[in-house]
Structures are given as structure tokens and as C-alpha cells.
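# Quick check, what structure comes out for this input:
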Amino acid sequence: MEFLIAFGTDDGENLTNGHAGDAKQLYLYKFSDNKEEFVEQRRNIELGGGQSLKPGSPEMAKARSAVFKNLDVLVGKKFGPGLPNLLKQFVCVIIRVDTISKAIEVIRNNLYRIKEEKDKREDRKQIVLEP
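Below you'll find the predicted structure:
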């Protein structure tokens, strides 16, 4: 079992306090065989400067699709109105911790739940995890 899991962050250490999909960057980790390794950092597209994409719209999802490419899971403290579109692409995990390092621990202990949800494909629901 191997997953590419992204953590929404603004500073590289803490999970963003805003919506996971709106984080300034995503830190991607590969989880496999009871270990995880940092793979890459992806900058999120910045919406502003007159762009009129509505949060949760298919246009917004399309604009951010390159940032979310090949993900199995997106982790954050909360998600916005785009959640239904995101669930079609990957598992969304709402997590009740502040730091990426703590989130990694919680994810590691719940990989079976994530796999179950990933396998549902069209009927996915978000997962809420606490330490």
C-alpha cells in the first residue's frame, strides 16, 4: 500500500488555518510500508489580482488541478465549498492537530481508514481524524 499524501501549509511546518486547498503550498509525502518520506513541495496557484474564480466552482478546481495532480490524499484542518469536487479526485482528511509532524503520526495510524475511503471512488466522504 502506497499513498501520495499532501499537507496544506503556509509556512512548511504548520497546517494552514484556512481551507486546505487554499494553502500557499502543499508538502507531499509518500507513505509506504510503515514509513513516510518527503517527496516535494508544490506552490499553490495564487488567486487574486482580478481573477474571478468562485470558490468551489468547477473552474476553480480546474485552475488548481496541476497542484493536486497525482495525489491520493489531501490533509488539512478544514475544507471549503470545493470539497465535493476534491472528493472526486482523492481522499480529503480533516485533522485536529496543528503541525505537519503531528499530522503525519495521525495519518500513519489511520492508513487503513484512508485506504477504505480511497477504494470507494465515487461515494467518498471526508475523514475526520483526531490524535
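# what's the distance between stretch 107-127 and the middle of its chain?
Averaging C-alpha coordinates over stretch 107-127 and over its chain gives two centres that are 12 Å apart (Cα atoms, centre = their mean, to the nearest Å).
# any residues touching it, and which ones?
Contacts of stretch 107-127 with the rest of the structure, by Cβ atoms under 8 Å, 6 or more residues apart in numbering, involve 1, 3, 5, 31, 34, 36, 72-73, 75, 79, 83, 87-88, 90-95, 129. Every residue, glycine included, has its C-beta placed from N, CA and C.
# Show me which of these are buried.
If you count burial by 16 or more other Cβ atoms under 10 Å, the buried members of those come out as 3, 5, 31, 36, 72-73, 75, 79, 83, 87, 90-95, 129.
# part of a helix, is L86?
Yes - under DSSP: H, G, I helix; E, B strand; the rest coil, L86 sits within a helix.
# what about it, how many neighbours?
Counted with other Cβ atoms under 10 Å, residues neighbouring L86 total 22.
# Please list the members of the buried ones among the contacts of stretch 107-127 that lie in strands.
Using DSSP state E, F3, I5, F31, E36, V73, V75, V91, C92, V93, I94, I95, L129 are the members of the buried ones among the contacts of stretch 107-127 that sit in strands.
# Rebuild those residues as JSON lines, extending it with distance to E46 and pLDDT.
Converted to JSON lines, those look like this (distance: Cβ to Cβ, whole Å; pLDDT from 0 to 100):
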{"residue": "F3", "distance to E46": "27", "pLDDT": "96"}
{"residue": "I5", "distance to E46": "23", "pLDDT": "98"}
{"residue": "F31", "distance to E46": "28", "pLDDT": "97"}
{"residue": "E36", "distance to E46": "28", "pLDDT": "95"}
{"residue": "V73", "distance to E46": "23", "pLDDT": "97"}
{"residue": "V75", "distance to E46": "21", "pLDDT": "98"}
{"residue": "V91", "distance to E46": "25", "pLDDT": "96"}
{"residue": "C92", "distance to E46": "22", "pLDDT": "96"}
{"residue": "V93", "distance to E46": "24", "pLDDT": "98"}
{"residue": "I94", "distance to E46": "24", "pLDDT": "98"}
{"residue": "I95", "distance to E46": "24", "pLDDT": "97"}
{"residue": "L129", "distance to E46": "29", "pLDDT": "97"}
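# Thanks a lot, see you next time.
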